[in-house]
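> show me how the following folds:
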Amino acid sequence: MVACRSAGSPPGASTRRRRPQRGTARSYPTYFSFGAIALHLVFIVIPSVMGIYYALTNWSRFSSDTEFVGLDNFRTVFRSHGAIFQAVKNTLIFTGATIITKTVLGLLLALLVSRGIRRFSTVHRAVIYLPAVLPMIVVGIVFKSILNPSTGLLNRSLDTVGLGFLKERWLTDTNLALYSIVAVDTWKGVGFIMLLLLAGLESIPREYHDAARIDGASSFNEFRYITLPLLKPVLTVTTVLNLLYGLKVFDSVWVLTNGGPGYATETVNTIVFKEFARGHYAVSAALSTVLFVVMTTAGLFLIRAMHKQIDDG
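Sure, this is the predicted structure:
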């Protein structure tokens, strides 16, 4: 059978395929990123640049004129004593504590859910992850009630089981308030870390574990020489996420203690908020800029250090 051709078309035209231009084919996927780039520019890049600009001015609620003052606001930040340095100390303690607690507990829960609990494992995963999706305002109100020293559920429960000597003023004691916030924040965030580590555990080929068991490796050696090394990329991600979250923590502290008692739970972002509320807009912007530089530097350093460790391992 002879294939029909349209009149006037050259021979073989029906078998030719139209090839897309190389430039169009390469640039076509970038069209889909324009929306995300526009949102990032409007809500992240432009406000950040404006914040750095205002940090170099005398912008405040007490004057309608805004003048360039250079690094005066940064000098004010670094020469400050008391609240700001206490806030920096509290922020570092909170960050270090939450990195350790969330990573250790998240890894233990991921191991338990993936290997220890066989029945209803999906239900257990959902229950552990559930606090991560709750609004911090709800979590804060609930735990503020639970940790109330006189009427809270925790102290009453300790009394009921005969452990009344363990009762404490969990959110009003200057020595315990920050660590109480760490515990509440860990309870809320450990499910998300568990989920990331669980995905990493399930990506490890089972053949490695089977071969180790055949060779007579103990569970501890199996974890040490197979599971942990192969989890390093995921642990890098979780550590960086916990680091950045800890350095910019605000909501959990503000809801539970408002930075009190005194300066016991004050963090950098609560100081930024209070300075802005007092009308010291430029000082607040300067402190935010310093925090942004610290977070960026720490994140990049941690990523490079852990990637180097992975490559060397």
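> and G260, how many neighbours does it have?
The tally of other residues near G260 (other C-beta atoms under 10 Å) stands at 16. C-betas here are computed from N, CA, C, even on glycine.
> show me the contacts for the residue nearest to G82 when sequence neighbours are not counted.
What sits nearest to G82 in space, not counting adjacent residues and going by C-beta to C-beta, 6 or more residues apart in numbering, is Y263, at 7.1 Å. For Y263, the contacting residues are 82-83, 86-87, 90, by C-beta atoms under 8 Å, 6 or more residues apart in numbering.
> wait, which of those residues is closest to L201?
Of all the contacts of Y263, N90 has the smallest distance to L201: 33.5 Å, by C-beta to C-beta.
> give me the phi and psi angles of the residue nearest to G82.
phi -110, psi 20 (degrees, to the nearest 10).
> my read: V255 touches V142, true?
No - judged on C-beta atoms under 8 Å, V255 makes no contact with V142 at a distance of 10.2 Å.
> more neighbours: which of the two?
Remark: of V255 and V142, V255 carries more neighbours, 19 against 13, as counted by other C-beta under 10 Å.
> that one falls within a helix, correct?
Yes - checked against DSSP: H, G, I helix; E, B strand; the rest coil, V255 lies within a helix.
> please name the nearest non-neighbouring residue to it.
Of all residues not flanking V255 in the chain, G140 sits nearest, at 2.9 Å (C-beta to C-beta, 6+ apart).
> who's in contact with the one you found?
By C-beta under 8 Å, 6+ apart, the contact set of G140 is 184, 251-252, 255-256.
> now name the helix or strand holding it.
helix 136-146 (DSSP states H and E).
> what comes up buried for that helix?
Buried positions in helix 136-146, judged by neighbour count with 16 or more other C-beta atoms under 10 Å: 136, 139-140, 143-144, 146.
> contacts for the next helix or strand after it next, please.
Following helix 136-146 in sequence order, the next helix or strand is helix 153-160 (DSSP H and E). Helix 153-160 is contacted from outside by 145-149, 164, 166-168, 170, using C-beta under 8 Å, 6+ apart.
> could you dump the residues you listed into JSON lines with distance to H209 added?
What follows is the contacts of helix 153-160, written out as JSON lines (distance: C-beta to C-beta, whole Å):
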{"residue": "S145", "distance to H209": "45"}
{"residue": "I146", "distance to H209": "40"}
{"residue": "L147", "distance to H209": "42"}
{"residue": "N148", "distance to H209": "47"}
{"residue": "P149", "distance to H209": "48"}
{"residue": "G164", "distance to H209": "47"}
{"residue": "L166", "distance to H209": "41"}
{"residue": "K167", "distance to H209": "45"}
{"residue": "E168", "distance to H209": "43"}
{"residue": "W170", "distance to H209": "42"}
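> what's the closest of those to L130?
I146 (16.8 Å).
> just give the closest residue to the closest one, not the sequence neighbours.
Excluding the flanking residues, the one nearest I146 by C-beta to C-beta, 6+ apart is L153, at 4.7 Å.
> please report the distance of the one you found from L105.
L153 is 22 Å from L105, where distance means C-beta to C-beta, to the nearest Å.
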